[in-house]
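S.K.: Here is my input; please provide its structure:
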Amino acid sequence: MMYSCGVEERKISTIILHLLLLINYLFCTTAIGGGGFSFNVTTLTFDESYSPLFSEFNIQRSPDDKTARLLLNRLSGSGIISSDYYKYGFFGASIKMPSRYTAGIVVAFYTSNVDTFERNHDELDIEFLGNVEGKAWRFQTNVYGNGSVSRGREERYRMWFDPSKDSHRYSILWTPTNIIFYVDEIPIREVIRNAAMRGDYPSKPMSVYATIWDASSWATSGGKKKVDYRYQPFVAEFRDLVLEGCVVDPVDQLLSSNCTDITAALMARDFAAVTPRRRQSMAWFRQRYMYYSYCYDNVRYPVSPPECVVVPSEREMFRSSGGLRGSARFGGGSGGGRSRRRRSGRNARRRNGPG
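M.R.: Below you'll find the predicted structure:
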């Protein structure tokens, strides 16, 4: 009887914890509301911020130039690139995903400098991995530094909402000391720079990209579900464009001294720190929706990478391969393992688009 009571007490404690985290999450989502950013940032028009990267014929701009619609059809995907390079910054957009059947499609919002540093590029990714109708959308984040593609630092998650119904805000903060990925002002992941990371921490100037493309070979159910072009065109809508950081010449070895002040101001902003309330929201999200983390993949990394902070409640969720234990699975592809170097050659395109 005493054992039974102990089990019940633990169950009640777990339920109370989840209720508290849910209340906190609902508070956050109510506070941020819909449309635009609640962070004090300036949104830009397309002309002020981006240029076509490839397939300009598949890029549609709104009359007020505040929204860009990226199309994927049988001819091509499409992509845009920031007009400038940045040495650290806060980058965001409100994005609405394609609707209906979107298996095999990847929509990406990310930073990179592969066009300048082909052999040792840096990259920060948010990638949406397509969807089979009726199942939860999945997405992943990744961090590369100095060409460390063989040491990918990906995490995969499922959505707690349907991103094709309304626009939601996705942001990347990148500073000399930390990286934070946000969804609707809720931090879902933080990477704190560790000296042992060395060049694996992104530190070279990067551009900001948004793309949509056919990734039938791997994106959905391990490539079993392909893009079905009977549903074309597939449209990803980007608005509320935010690019805040220090604009630099990527090959200039003597970066502007203004970056010191600009970066210091960036690191003092509200979004540059995970407050206790935001940390509660992050814990709520990660415990309910994260289904793979490289930090818990002991097969791939017998010794956890230096920036990993092992959270006991997360550790209990995962097998040694980094995927969810059977009791924690939500169904669908579990992910894990290396992220493919994908993107149909878009990384090889120069800033002026395809030749």
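S.K.: Report the spatially closest residue to the residue most central in space within the chain, excluding sequence-adjacent ones.
M.R.: Residue closest to the average C-alpha location in the chain (Cα atoms, centre = their mean): residue 126, at 2.3 Å. Of all residues not flanking residue 126 in the chain, residue 109 sits nearest, at 4.9 Å (Cβ to Cβ, 6 or more residues apart in numbering). Just so you know, the C-beta spots here come from the backbone N, C-alpha and C atoms, and that holds for glycine as well.
S.K.: Is that neighbour bridged to anything, and to what?
M.R.: residue 126, residue 210 (DSSP bridges).
S.K.: Could you do residue 82 as well?
M.R.: residue 50.
S.K.: pretty sure it is in contact with residue 49, am I right?
M.R.: Yes - the pair formed by residue 82 and residue 49 meets the contact definition of Cβ atoms under 8 Å, at 6.2 Å.
S.K.: Residue 113 is in contact with residue 145, correct?
M.R.: No - using Cβ under 8 Å, residue 145 is not in contact with residue 113, being 10.6 Å away.
S.K.: Show me whatever sits in contact with both of these two.
M.R.: residue 122 (Cβ atoms under 8 Å, 6 or more residues apart in numbering).
S.K.: wait, doesn't the residue nearest to the centre of the chain sit right on residue 180?
M.R.: No - with contact defined as Cβ under 8 Å, residue 126 does not reach residue 180; the gap is 11.7 Å.
S.K.: Please enumerate the helices of the stretch 251-355 of the chain.
M.R.: Assigned by DSSP state H, counting those that start in this stretch, the stretch 251-355 of the chain shows helices spanning 258-267, 276-289, 312-315.
S.K.: Of all the ones you listed, which one is nearest residue 99?
M.R.: Closest approach to residue 99 among the helices of the stretch 251-355 of the chain (Cβ to Cβ): helix 276-289, 21.1 Å.
S.K.: So which residues of the stretch 151-300 of the chain form strands?
M.R.: 155-158, 168-174, 178-183, 186-192, 207-214, 234-248, 290-297 (DSSP state E, counting those that start in this stretch).
S.K.: Deepest in the core, which of the ones you listed is it.
M.R.: Among the strands of the stretch 151-300 of the chain, the stretch with the highest mean neighbour count (mean count of other Cβ atoms under 10 Å) is strand 207-214, at a mean of 25.
S.K.: got a list of contacts for it?
M.R.: 50, 53, 68, 70-72, 77-82, 84-86, 91, 93, 95, 98, 104-113, 115, 227, 234, 236, 238, 243, 343-344, 346, 351.
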